[in-house]
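*Asks:* Fold the stuff below for me.
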Amino acid sequence: MAKKQTGTKPQKSSFGIILIAGALAAAAGFGAVYVNLGGNGNDAPAPKAQSGKPAGVGANWLKAYSKGKMITFVARAEPQDLPEVSFERDDGTKTSLKEWRGKVVLLNLWATWCGPCRKEMPDLDKLKADLGGDEFDLVALSIDRTGLDKPRKFLKEIGIKHLKLYNNSTGKLAASLKAFGMPTTLLLNRQGQEIGRLVGPAEWGSDDAVALIKAAIAKKG
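*Replies:* Numbers count the residues shown, from 1 in each chain. Below you'll find the predicted structure:
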């Protein structure tokens, strides 16, 4: 006679759960390629609606441009307010993102130790040259802890002509913007709110990237 099994069912290993969560997250969108090992995934706050709109309305129009070379760009369901972001200009004077209010901004966070940053920087430089102006600007913001000298040398070495040098050396900026890998690029509306982001390198010189930026520029309000 077979013995009756007793006890609880075997539990799945936490490592297996992490692998599954990572695969699902990678398919889901930004921030997802970095698995949160500190919680069970059920304690994250629900997205807040802006301007009294129900969540899931605000930036859905932008999803249509998450395709082709921009397939990893993830539009926010609602524009999200950002913490105050301040940094140094090339001459050492202080500035902040408030200076760009009224413009659509592509905020690229990068570092000299980031190989993919080096690869995409020439395309970002051309994007700024082609589309930069009264309606749009591209802010490439270095997070190098050593200050301005190293990123200045970096940009000179790779022949950057149009991007200006900005640096935040506090070591806190990436975490405050929930950017846990380099490069991370945020698209901001004219009110300085995030309407989408792309984690990792991208082909910013592609027609898909240009279409995305032009759509954001054309969107008023």
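*Asks:* what's next to stretch 172-187, contact-wise?
*Replies:* Residues from elsewhere that reach stretch 172-187 (Cβ atoms under 8 Å, 6 or more residues apart in numbering): 31, 33-34, 62, 73, 82-83, 85, 87, 104-111, 114, 116-117, 120, 141, 143, 194-202, 212-213, 216. No exception for glycine: its C-beta is placed from N, CA and C like everyone else's.
*Asks:* Next step: those residues restricted to helices.
*Replies:* Pro116, Cys117, Glu120, Leu212, Ile213, Ala216 (DSSP state H).
*Asks:* Please compute how far stretch 203-212 lies from its chain's middle.
*Replies:* From the chain centre to the centre of stretch 203-212 is a distance of 16 Å (Cα atoms, centre = their mean, to the nearest Å).
*Asks:* Need the mean per-residue confidence for that stretch.
*Replies:* Per-region confidence: stretch 203-212 scores 97 on mean pLDDT.
*Asks:* Give me the buried positions along that stretch.
*Replies:* Trp204, Gly205, Asp208, Ala209, Val210, Ala211, Leu212 (16 or more other Cβ atoms under 10 Å).
*Asks:* So what does the fifth one look like in phi/psi?
*Replies:* Yep, that's Val210 we're talking about. For Val210, the backbone dihedrals (degrees, to the nearest 10) come out as phi -60, psi -40.
*Asks:* quick one, what contacts it?
*Replies:* Taking Cβ under 8 Å, 6+ apart as the criterion, Val210 is in contact with Leu127, Asp130, Leu131.
*Asks:* go again using 10 Å as the cut-off
*Replies:* Shown in contact with Val210 (Cβ atoms under 10 Å, 6 or more residues apart in numbering): Lys69, Met70, Lys126, Leu127, Asp130, Leu131, Trp204.
*Asks:* which element is the fourth one on?
*Replies:* It refers to Leu127. helix 115-131 (DSSP states H and E).
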